[in-house]
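A.B. asks: no sequence on this one, just coordinates:
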């Protein structure tokens with residue numbers, strides 16, 4: 001006699017982000033033969049907010065904005081849940097039409113199959129913003145879309161089979177909020193016209209040059225530099241001649257400049273690649289007049305004034321940082337002080353008068369604290385000027401350098417070390433490693449340098465999977481590296497099975513080796529062909545006609561970590577059937593009970609222990 005078991009394949013089709021409006025629905029794939037459904041929604045604290053039976057395969061998403069988890073089960077003829085789906089993440093957001101801050105089209109060169117990283121800046125961008133590049137039926141494949149910051153979306157495209165021409169850029173947010181920029185992506189062949197990505201200067205500190213040295217060479221740090229990069233140094237009324245420009249690397253540009261006839265002051269650095277937008281670094285080149293001193297005495301009786309509205313910025317742990325104070329009534333004897341809330345001054349290494357309207361001040365920020373400072377100016381015969389919170393020390397933007405996820409293999413050692421490489425780390429950088437399943441406890445954090453942090457993690461009771469890394473500096477700078485860490489489950493050794501097929505006598509490693517060698521051709525299930533009578537598109541008919549097949553089927557369910565209901569039924573099978581006593585079952589349950597990484601569902605530990613006791617009792621009866 002053959003026992004037939006029909007297993008429905010449940011797939012929940014959920015939108016990860018939904019709008020909290022009455023006309024939005026959570027929808028899942030209907031199950032044939034279901035007598036309705038039951039839907040459960042819980043918050044991030046595992047508190048069930050909704051437990052409702054419905055007749056249709058959808059439900060109104062009338063929830064406040066926030067993050068939730070959801071699962072669904074079809075109802076049987078008795079209006080009871082047949083089998084639950086896994087908990088899935090659900091986030092309720094407000095969806096708006098994306099807005100781009102770019103005006104000029106983006107030019108891509110068919111240099112190889114992957115383009116450099118394409119950056120799109122704007123508003124209302126999110127991780128769920130879909131990027132499509134097309135013209136009529138021509139489509140450019142978009143790869144690796146990432147939200148690097150709140151207003152920066154990056155992606156790569158495959159240009160291997162793409163024809164040259166103009167393409168529309170389409171950005172789509174949930175609820176069909178679509179922005180279409182016609183002819184915004186231009187694809188051109190390499191060699192016909194030299195086209196590159198927009199160059200960018202990454203140096204934060206300005207370059208200060210001595211006015212007395214007329215011919216000088218400077219090096220500028222940045223990205224996307226090439227020998228075709230054009231540079232210019234300009235101010236409102238003047239420009240500095242560049243005699244020679246050379247890209248030493250993609251990230252370093254060398255400029256040979258001539259200061260003959262150039263007035264002291266601040267100059268902008270402009271860099272541009274053919275076919276790309278110009279990048280401007282304001283007040284990046286500062287020409288100091290070191291020989292000639294201003295002898296302005298007529299202003300010593302006038303109170304100095306600062307005309308700038310925006311506060312000046314300095315960067316944490318910077319040994320030398322130069323600021324320019326713009327105002328009026330400045331003289332050589334103008335005294336500058338920068339004082340924190342605790343009354344401690346920032347050391348001033350040098351102060352130079354450029355003009356009655358400009359003061360250059362070089363600071364040492366190596367030991368200065370994060371936060372805002374007051375700037376105080378005083379001329380000899382006047383009252384002092386105090387500009388509150390006019391100088392702010394903050395941290396530079398955090399950067400994590402990691403091309404591939406760091407991998408941790410779970411084993412008997414629960415304490416694991418992980419290295420984080422990047423830039424601009426400080427001792428107070430807060431570290432969090434997390435996923436929808438929870439966070440991994442950080443036992444110890446040590447900062448080896450501003451480019452490396454070493455972590456000690458407690459992996460006990462941590463679920464396998466991928467985890468994100470989030471770094472936050474006290475000044476508010478934050479960065480998240482998606483899928484930074486991958487936790488792999490404990491490995492159980494696998495052996496070649498014996499020649500006989502009495503699986504009740506197989507060791508655990510031998511039975512796992514036996515399962516690995518079984519053929520699997522039915523796409524509706526992960527079960528081996530030996531247990532399948534008929535395979536259909538959405539379900540299977542099982543052949544459990546012999547004790548061997550029933551034992552094998554229930555062992556597969558026993559080791560399924562993703563199906564709690566299947567495991568509970570397997571415990572019951574092996575506990576109450578003495579003919580099903582199996583050496584591998586005892587070994588596996590003992591292994592899971594003793595592992596520091598086993599996460600027990602409700603009552604599961606009790607059932608595992610009871611199954612072991614029953615199996616031992618069966619052996620004693622023999």
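C.D. replies: Received, thanks. Note that the structure is a prediction, hence the values are computed from the model and not measured.
A.B. asks: how much space is there between residue 52 and residue 29?
C.D. replies: 19 Å (CB to CB, to the nearest Å). For the C-beta atoms, the positions are set from N, CA and C on the backbone; glycine is no exception.
A.B. asks: again, but for residue 160
C.D. replies: In terms of CB to CB, residue 160 sits 34 Å off from residue 29.
A.B. asks: check residue 540 too.
C.D. replies: 17 Å.
A.B. asks: my guess is residue 105 meets residue 182, correct?
C.D. replies: No: under the criterion of CB atoms under 8 Å, residue 105 is not in contact with residue 182, lying 9.9 Å apart.
A.B. asks: so those two - more neighbours on which side?
C.D. replies: Between residue 105 and residue 182, residue 105 has the larger neighbour count (other CB atoms under 10 Å), namely 18 against 12.
A.B. asks: which residues does the more buried one contact?
C.D. replies: When contacts are counted by CB atoms under 8 Å, 6 or more residues apart in numbering, residue 105 touches 166, 183-186.
A.B. asks: now the helices for this structure?
C.D. replies: Taking DSSP state H to define them, one finds helices in the chain at 508-516, 547-558, 564-576, 583-594, 604-621.
A.B. asks: got the buried residues for the first one?
C.D. replies: In this case it means helix 508-516. Of the residues in helix 508-516, those scored as buried under the neighbour-count criterion (16 or more other CB atoms under 10 Å) are 508-515.
A.B. asks: let me know the closest of those to residue 97.
C.D. replies: The shortest gap between residue 97 and any of those belongs to residue 515, at 51.5 Å (CB to CB).
A.B. asks: mind listing what that closest one touches?
C.D. replies: Residues in contact with residue 515, defined by CB under 8 Å, 6+ apart, are 528, 552, 556.
A.B. asks: redo the residues you listed as JSON lines? Include neighbour count.
C.D. replies: Putting the contacts of residue 515 into JSON lines (neighbours: other CB atoms under 10 Å) gives the following:
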{"residue": "528", "neighbour count": "19"}
{"residue": "552", "neighbour count": "22"}
{"residue": "556", "neighbour count": "17"}
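A.B. asks: re the thing from before, of residue 540 and residue 29, who's got more company?
C.D. replies: A side-by-side neighbour count of residue 540 and residue 29, using other CB under 10 Å, places residue 540 first with 23 against 12.
A.B. asks: can you pull the buried residues of the longest strand seen in the chain?
C.D. replies: Across the chain, the strand with the greatest residue count (assigned by DSSP state E) is strand 177-189. Judged by neighbour count using 16+ other CB under 10 Å, the buried positions of strand 177-189 are 177, 179, 181, 184-188.
A.B. asks: surely residue 53 and residue 37 touch.
C.D. replies: Yes: with contact defined as CB under 8 Å, residue 53 counts as touching residue 37 (7.1 Å).
A.B. asks: out of those two, which sits in the more crowded spot?
C.D. replies: When neighbours are counted by other CB under 10 Å, residue 53 and residue 37 differ, and residue 37 comes out ahead with 22 against 13.
A.B. asks: who touches that one in this structure?
C.D. replies: 28, 31, 53-57, 72-75.
A.B. asks: and if we set it to 6 Å?
C.D. replies: The neighbourhood of residue 37, defined by CB atoms under 6 Å, 6 or more residues apart in numbering, consists of 54, 72, 74.
A.B. asks: and these, which are buried?
C.D. replies: When the contacts of residue 37 are checked for burial by 16+ other CB under 10 Å, the buried set is 72, 74.
A.B. asks: from the contacts of residue 37, which single one is nearest residue 311?
C.D. replies: So of these, ranked by how close each gets to residue 311 (CB to CB), first place is residue 72, at 52.9 Å.
A.B. asks: can I assume that closest one is in contact with residue 85?
C.D. replies: Yes: when contacts are counted by CB atoms under 6 Å, residue 72 is listed as touching residue 85 (5.2 Å).
A.B. asks: so what touches stretch 567-581?
C.D. replies: Stretch 567-581 is contacted by residues 547, 551, 554, 557-558, 585, 607, 610-611, 614-615, 618 when judged by CB under 6 Å, 6+ apart.
A.B. asks: what comes up buried for it?
C.D. replies: When neighbours are counted by 16+ other CB under 10 Å, the buried residues of stretch 567-581 are found to be 567-568, 570-571, 573-575, 577, 580-581.
A.B. asks: return the item of these having minimum pLDDT.
C.D. replies: Of all those, residue 580 carries the smallest pLDDT score, 78.
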